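Asker: Make a model of this:
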Amino acid sequence: MTTRRRFLAISAAAIALPGAISAQPVHIWQGTALGTHATVRLAHPDAEAISARVAAEISRLEDVFSLYRPESALSQLNRAGRLQAPPFELLECLSLAGAVHSATAGRFDPTIQPLWASYAEASALGQMPGEARLKAARALVGWDQISLDPSQISMAPGMALTLNGIAQGYIADRVASLLADEGLTNILIDTGEFRALGGHPGGGAWPVKLAAGGAVALTARALATSAPLGTTFDEGAQVGHILDPVSGLPARSNWREITISARSAALADALSTAACLFPSKAEINACLASFAGAVLEAITPA
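Answerer: Numbering: from 1, shown residues only. Below you'll find the model as predicted:
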């Protein structure tokens, strides 16, 4: 049984800030992005039409990143082990994933999909994967076996990728880019990770609440929270979804929840995921120093 919890929420104050005045009421579009509830908040006379373009862009990107669409670019890559003329978005997202993999000493590794599948399939039967299954899956993990090129992405036989720790943020970034190109601002995009394009249309920042308490004022930045037990594979909610690429086991983390802000939601998403595998706050901050503008906003000990 797989269970999932959400760790970021927009404060009710974002709908009506005390004393703030906006020419238009805040319109909220709701949909899904990679299986997660998604929203876009904006104040604009053409909000409905803008929201329709956002929905179309998210659907287009799901055709790149979704593991649940058989003909998505990622599904085709996983099925065949190579993808000719890959979409720019897939190359860009994987390039960023490679940079985070390097900066985190391999803690962020999209090649863990065979391990993820082992746990998910066993979980559906109310079980945990056996050692033989895990050993076979661990042998298929290794970022150094991924070849990225504008003409082709390829990997060793049997390998598979998951971008669950970065693609939701990447989609938020692409939606923000789409809207910015139209000259729009003061919009909050939530695809499971937050990306603020400007601030609140009524003035000030978007107040984002953290599940562990407190809030982050978000303006022209992105925010992501990860937690080792945010998604779990067992009924007791003790076997978490963040897997150690080396051991193949769920993270035995010192942290209950980690929130990171950055200039892009994809980066915040990936860094917050990897941070769950660092043993100390000092090591997390040392890793973040590799990326300009990345900030550890909150951390809750386990």
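Asker: partners of the closest residue to Ala205 other than its chain neighbours in the sheet?
Answerer: Excluding its sequence neighbours, the residue lying closest to Ala205 (C-beta to C-beta, 6 or more residues apart in numbering) is Ala217, at 3.7 Å. Heads up, the C-betas are built off the backbone N, CA and C, glycines and all. Judged by DSSP bridges, the bridge partners of Ala217 are Pro207.
Asker: ok, Ala217 to Leu223 distance?
Answerer: To Leu223, Ala217 is 10 Å away according to C-beta to C-beta, to the nearest Å.
Asker: go on, Ala286?
Answerer: From Ala286 over to Leu223 the distance is 21 Å, taken as C-beta to C-beta.
Asker: who has more neighbours, these two?
Answerer: Per other C-beta atoms under 10 Å, whichever of Ala286 and Leu223 has more neighbours is Leu223, with 28 against 12.
Asker: Tally up the residues packed near Gly126, please.
Answerer: Number of residues near Gly126 (other C-beta under 10 Å) recorded here: 9.
Asker: re the thing from before, which neighbours do Ala217 and Leu223 share?
Answerer: Listed as contacting both Ala217 and Leu223 by C-beta atoms under 8 Å, 6 or more residues apart in numbering are Val208.
Asker: what about the strands in the stretch 101-250 of the chain?
Answerer: Here the stretch 101-250 of the chain has its strands, by DSSP state E, counting those that start in this stretch, at 146-149, 152-155, 187-190, 194-197, 206-210, 215-218, 222-226, 231-232.
Asker: which stretch among these comes nearest Ala251?
Answerer: Judged by C-beta to C-beta, the one of those that comes nearest to Ala251 is strand 222-226, at 9.9 Å.
Asker: Show me the contact partners of the closest one.
Answerer: Applying C-beta under 8 Å, 6+ apart, the external contacts of strand 222-226 come out as 7-8, 165, 169, 172-173, 193-196, 208, 210-211, 216, 242, 257-265, 267-269, 271-273, 275-276, 297-298.
Asker: Generate a ChimeraX selection restricted to the buried entries among these.
Answerer: This is how ChimeraX selects the buried members of the contacts of strand 222-226, with burial counted by 16 or more other C-beta atoms under 10 Å:
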select :7,8,165,169,172,173,193,194,195,196,208,210,211,216,242,257,258,259,260,261,262,263,264,265,267,268,269,271,272,273,275,276,297,298
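Asker: Could you tell me which of the contacts of strand 222-226 belong to helices?
Answerer: Using DSSP state H, the members of the contacts of strand 222-226 that fall in helices are 169, 172-173, 265, 267-269, 271-273, 275.
Asker: hey, which helix or strand in the protein has the poorest pLDDT?
Answerer: Least confident helix or strand, the chain: strand 3-4 with a mean of 45, by mean pLDDT, DSSP states H and E.
Asker: how about stretch 163-176: buried residues?
Answerer: The neighbour-count check on stretch 163-176 (16+ other C-beta under 10 Å) flags 163-176 as buried.
Asker: Can you tell me which member of those residues has the lowest pLDDT score?
Answerer: Within the buried residues of stretch 163-176, the minimum per-residue pLDDT falls on Asn164 (91).
Asker: For Ser154, see how far away that residue is.
Answerer: Distance from Asn164 to Ser154, counting by C-beta to C-beta: 21 Å.
Asker: And for Met128?
Answerer: In terms of C-beta to C-beta, Met128 sits 32 Å off from Ser154.
Asker: Equivalent analysis for Pro301, please.
Answerer: Using C-beta to C-beta, one gets 42 Å for the distance from Pro301 to Ser154.
Asker: Looking only at neighbour counts, state which of the two leads.
Answerer: When neighbours are counted by other C-beta under 10 Å, Ser154 comes out ahead of the other of Pro301 and Ser154, with 17 against 9.
Asker: Contact partners for that one?
Answerer: Contacts of Ser154 by C-beta under 8 Å, 6+ apart are 81-83, 146-147.
Asker: What residues are bridge-paired with it?
Answerer: Arg82, Ser147.
Asker: For Glu71, grab the count of nearby residues.
Answerer: 9.
Asker: what helix or strand is the residue nearest to it when sequence neighbours are not counted on?
Answerer: Distance criterion C-beta to C-beta, 6+ apart; nearest residue to Glu71, sequence neighbours excluded, is Asp63 at 7.4 Å. Taking DSSP states H and E as the definition, Asp63 sits inside helix 47-65.
Asker: Please point out which parts of the next helix or strand after that helix sit buried.
Answerer: Sequence order places helix 73-80 as the next helix or strand after helix 47-65, per DSSP H and E. Within helix 73-80, the residues scored as buried using 16+ other C-beta under 10 Å are 73-78.
Asker: Distance of Glu48 relative to Ile28?
Answerer: Per C-beta to C-beta, Glu48 is found 11 Å from Ile28.
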